[in-house]
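Undergrad: Structure of the sequence below:
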Amino acid sequence: SQEGGPFGVMHEMKFFNGILETPEQAVDHLDEIGGPHSHTNYPWGWAQAGNTPFKWYKQNTHEGGVHVPLVVHWPEGLGDVGGALRHQFHHVNDIAPTIYEACGVTPKNTYRGREQMPISGTSLGYTFTGTDEPSRKEVQYFEMGGHRGIWLDGWKAVTRHEAGTSFDDDTWELYHVAVDPSECTDLAASNPEKLAELIDRWWEEAELHGVLPLDDRMLQLFGTRHRDRSPHPASRRYVYRPPIAPLPSQAGASLGGRSFDAIATVRREAGQGGVLFATGTENSGIAFFVKNDHLVFDYNAFDHHTIIRSDSPIPDGATTLHAQFLRGPKRTAVVTLSVDGNIVGSGEIPWMMSTISSVGMSIALDAGSPVSREYAAPFAFEGDLQTMEFQLISRQDAEARKAELAAEMGRQ
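TA: Numbers count the residues shown, from 1 in each chain. As a prediction, the model looks like this:
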């Protein structure tokens, strides 16, 4: 991966927040690497070394980004030829047709009245019994963030794209990977006819498989797209009712870089506490919980914890517990805690994360490493959490909320 940058990172999400760690900073934490208090990614140089003998990184379409091993375990199917290496070329889209063939299943063209995408791959089942048979795969295109490549009968044309530049300016390279698998000898200048053939075929395959129009955006495409009949409703309102399994980060309410309301409807007795929601890990995240009869919001920005605690106990019985997170200028934010509509605490977040974690949200407990140092995970909520609701707030609404909050604080 190239996400560690030139120096590497102790916390990968720092890369996605535009923070580059220096080697001097990392040296102080070397003993943490590999443990729960790290989300490390080593630097470009070691990433290149790790991809030896191939070029470049994950995301690229050179062999360093697409060439990986595949291990097949099927004692009944492999028989006496198991344990041997195969060298035929195949791609990830060949897995599905292989499984269909092994199960004796012919995929349907339509399912429940809906036309299905055609299977594009080639079964690699023939390799199970024939270690030396030539590859039955004819062609495979590659495209990732504007990087492009195509494999055709042992030849490969490939180009590395710089985001924001014209695709017409990309320089295509040509390799005979059947004899030069590590792409050492670029034959583009000496065999322009073969290169032109492969480039033309790439455009044909791209048209056939829906690659066009080309798009070199990367981080921008990670943003949540709100639409009905998806995990992210157009209303930007999420309601979770426990018990509920931990949510993948792509499926839960996306709180990074946003203003939001988090509203828990609970019934509890004195002394009952626990996590209402937590997202992320001990390295970075947000935790909203009840401890010692007080409402607590812990914003963990890469080990810099900002903790807002209610200034009075939560009453027994049915209550509505509310944390409002409003963006401020220069990546700051303000958190306001309320119980049954009454403000019980507030504080400023000095630095707001735009991307929080690759680990998603847990409701009514903290399912991973503890986001907050205030408890030991899972710290499951001991009362009755009836609903946990999130409402994402637009920038215009956030400004209006700030004005309302200032007026309310003035009255208090």
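Undergrad: and the residue nearest to residue 386 when sequence neighbours are not counted, what does it touch?
TA: With C-beta to C-beta, 6 or more residues apart in numbering as the criterion, residue 386 has its nearest non-adjacent residue at 4.5 Å, and that residue is residue 265. (C-beta placed from N, C-alpha, C; glycine too.) Contact analysis of residue 265 by C-beta atoms under 8 Å, 6 or more residues apart in numbering lists 318, 320, 321, 385, 386, 387, 388, 389.
Undergrad: care to break the chain down by domain?
TA: Split into domains by automatic domain parsing, the chain comes to 75-208, 237-411.
Undergrad: Out of those domains, flag the one nearest residue 10.
TA: domain 237-411 (8.3 Å; C-beta to C-beta).
Undergrad: State the mean pLDDT of that closest one.
TA: Domain 237-411 shows a mean pLDDT of 92.
Undergrad: now swap in stretch 41-55 and tell me
TA: Stretch 41-55 carries an average pLDDT of 90.
Undergrad: which element is residue 278 on?
TA: strand 274-280 (DSSP states H and E).
Undergrad: other SSEs contacting that strand?
TA: The helices and strands touching strand 274-280, judged by 3 or more C-beta pairs under 8 Å, 6 or more residues apart in numbering; DSSP states H and E, are strand 259-268, strand 285-291, strand 361-363, strand 384-393.
Undergrad: Repeat the analysis, applying 6 Å as the threshold.
TA: Where contact means 3 or more C-beta pairs under 6 Å, 6 or more residues apart in numbering; DSSP states H and E, strand 274-280 is packed against strand 285-291, strand 361-363.
Undergrad: So which bits of that strand are buried?
TA: Neighbour-count burial for strand 274-280, with 16 or more other C-beta atoms under 10 Å as criterion, is recorded at 274, 275, 276, 277, 278, 279, 280.
Undergrad: most tightly surrounded among the domains of the chain?
TA: Compared across the domains of the chain, domain 237-411 shows the largest average neighbour count, a mean of 18 (mean count of other C-beta atoms under 10 Å).
Undergrad: Now find how far off-centre that one is within its chain.
TA: Domain 237-411 has its C-alpha centroid displaced from the chain centroid by 22 Å (C-alpha atoms, centre = their mean, to the nearest Å).
Undergrad: again, but for stretch 55-66
TA: Distance, stretch centre to chain centre, for stretch 55-66: 19 Å (C-alpha atoms, centre = their mean).
Undergrad: Outside of it itself, list whatever touches it.
TA: Identification of contacts with stretch 55-66 by C-beta atoms under 6 Å, 6 or more residues apart in numbering yields 1-2, 47, 51, 54, 142, 144-145, 147-149, 158, 183.
Undergrad: In the residues you listed, find the pair that's most separated.
TA: With C-beta to C-beta as the measure, no two of the contacts of stretch 55-66 lie farther apart than 47 and 148, at 21.0 Å.
Undergrad: quick one, phi psi at the residue nearest the centre of the chain?
TA: Residue closest to the average C-alpha location in the chain (C-alpha atoms, centre = their mean): residue 358, at 5.1 Å. Backbone torsions of residue 358, given as degrees, to the nearest 10, read phi -90, psi -10.
Undergrad: Just say helix, strand or coil for the residue lying closest to it once chain neighbours are set aside.
TA: Among residues not flanking residue 358 along the chain, residue 249 sits closest, at 5.7 Å (C-beta to C-beta, 6+ apart). Recorded secondary structure, residue 249: coil (DSSP: H, G, I helix; E, B strand; the rest coil).
Undergrad: so residue 249 touches residue 360, yeah?
TA: Yes: at 3.8 Å, residue 249 and residue 360 qualify as touching, with contact defined as C-beta atoms under 6 Å.
Undergrad: re earlier: in JSON lines, list the domains of the chain along with distance to residue 67.
TA: Output for those, formatted as JSON lines (distance: least, C-beta to C-beta, whole Å):
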{"stretch": "domain 75-208", "distance to residue 67": "8"}
{"stretch": "domain 237-411", "distance to residue 67": "24"}
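Undergrad: looking at those domains, which is closest to residue 43?
TA: domain 237-411 (18.1 Å).
Undergrad: Go ahead and confirm residue 11 touches residue 39.
TA: Yes: applying C-beta under 6 Å as the test, residue 11 and residue 39 come out as touching, 4.9 Å apart.
Undergrad: Residue 295: helix or strand, and which one exactly?
TA: strand 294-301.
Undergrad: Could you list every helix and strand in contact with that strand?
TA: Secondary-structure packing of strand 294-301 (3+ C-beta pairs under 6 Å, 6+ apart): strand 285-291, strand 304-309.
Undergrad: and those strands as CSV, adding distance to residue 202?
TA: Putting the helices and strands packed on strand 294-301 into CSV (distance: least, C-beta to C-beta, whole Å) gives the following:
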stretch, distance to residue 202
strand 285-291, 42
strand 304-309, 47
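Undergrad: Ok, which of these comes nearest residue 365?
TA: Among the helices and strands packed on strand 294-301, strand 285-291 comes nearest to residue 365, with 9.6 Å by C-beta to C-beta.
Undergrad: ok, that closest one: who's next to it in the sheet?
TA: The pairing partners recorded for strand 285-291 under DSSP bridges are strand 274-280 (antiparallel), strand 294-301 (antiparallel).
Undergrad: what's in contact with the first one?
TA: The contact list for strand 274-280, computed with C-beta under 6 Å, 6+ apart, reads 264, 285-289, 356-357, 359, 361-363, 365-366, 371, 379-382, 388.
Undergrad: could you check the angle strand 384-393 makes with that strand?
TA: Between strand 274-280 and strand 384-393, the angle comes out at 40 degrees (axes from the mean of the first three to the mean of the last three C-alpha atoms, to 10 degrees).
Undergrad: can I get the CA coordinates of strand 274-280 in PDB?
TA: Included here for strand 274-280 are C-alpha records, laid out as PDB according to Å, rounded to 0.1, in the frame of the first residue of the first chain:
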ATOM      1  CA  GLY A 274     -22.700   1.600  29.500                       C
ATOM      2  CA  VAL A 275     -22.100   2.600  25.900                       C
ATOM      3  CA  LEU A 276     -24.900   4.100  23.900                       C
ATOM      4  CA  PHE A 277     -22.800   4.100  20.700                       C
ATOM      5  CA  ALA A 278     -19.200   3.800  19.800                       C
ATOM      6  CA  THR A 279     -17.500   4.100  16.400                       C
ATOM      7  CA  GLY A 280     -13.800   3.500  15.700                       C
END
